[in-house]
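Engineer: pasting a predicted model and its sequence here:
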Amino acid sequence: MLVVEKINPNQCAEESAGKKFDKGKPRLELLPPSYWLEVDSKLSADLAGWYFYKWELPISVSYDAVPILEFGANKYAAHNWIKGMRWGRLVGAFHRHCNKLENGLWIPRDLSEADLESDLPHGAHAECCLLFLREYFYLWNRDQLVGENDCVWQVNK
């Protein structure tokens, strides 16, 4: 899919996409909803259901996303995310913020626990992932393509 903004032909496509540093992090978006239900992570099961089957997109995890937006503006650039990225990267980040690996199994984490890099709650990071996905999906439903909609229901239609 194409990014909404006009791309300078002398600029590579990767430079026009929103930045997100997740190299080396597990791609949890590959795990289906049934996995998350088995480990009792309803939030992750709900988002995986949307990503895999286009169920209803979760609305919120009830944390303030503004501190995360400010952190991201300082780390990447203000409104960097609206340039788009592969949607699954946000789904994977959401799962990583809502869950932690313990004894080889991803289990729900306390969302008020602080993220090591930002020192902000994991729940606020998860909220921000949903905020971006809701905006991408809203625009996609209006034929404005932001990032790459790699949702299973889109790719396999």
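Structural biologist: Right, received. Where do you want to start?
Engineer: so where's the longest helix in this protein?
Structural biologist: helix 122-140 (DSSP state H).
Engineer: what does the very next helix or strand once past that helix contact?
Structural biologist: Downstream of helix 122-140, the first helix or strand assigned by DSSP states H and E is helix 152-155. If you take Cβ atoms under 8 Å, 6 or more residues apart in numbering as the criterion, helix 152-155 is touched by 51-54. For every residue, glycine as well, the C-beta is placed using N, CA and C.
Engineer: from Tyr51, how far out is the residue nearest to the spatial centre of the chain?
Structural biologist: Nearest to the mean C-alpha position of the chain, by Cα atoms, centre = their mean, lies Leu90 at 1.7 Å. From Leu90 over to Tyr51 the distance is 10 Å, taken as Cβ to Cβ, to the nearest Å.
Engineer: follow-up on the earlier one: who touches the residue nearest to the centre of the chain in this structure?
Structural biologist: By Cβ under 8 Å, 6+ apart, the neighbours of Leu90 are 20, 129, 132-133, 136.
Engineer: do that again at 7 Å, thanks
Structural biologist: 129, 132-133 (Cβ atoms under 7 Å, 6 or more residues apart in numbering).
Engineer: and for Ser44?
Structural biologist: Ser44 touches 36, 95, 98-99, counting by Cβ under 7 Å, 6+ apart.
Engineer: secondary structure and distance to Asn149 added to the residues you listed, as JSON lines?
Structural biologist: Listed next are those as JSON lines, based on DSSP: H, G, I helix; E, B strand; the rest coil; distance: Cβ to Cβ, whole Å:
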{"residue": "Trp36", "secondary structure": "helix", "distance to Asn149": "21"}
{"residue": "His95", "secondary structure": "helix", "distance to Asn149": "18"}
{"residue": "Cys98", "secondary structure": "helix", "distance to Asn149": "22"}
{"residue": "Asn99", "secondary structure": "strand", "distance to Asn149": "24"}
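Engineer: ok, and the most crowded of the residues you listed?
Structural biologist: His95 (26 neighbours; other Cβ atoms under 10 Å).
Engineer: measure the closest residue to that residue other than its chain neighbours to Glu117 for me?
Structural biologist: In space, and not counting its chain neighbours, His95 is closest to Leu28: 3.6 Å by Cβ to Cβ, 6 or more residues apart in numbering. In this view, Leu28 and Glu117 are 17 Å apart by Cβ to Cβ.
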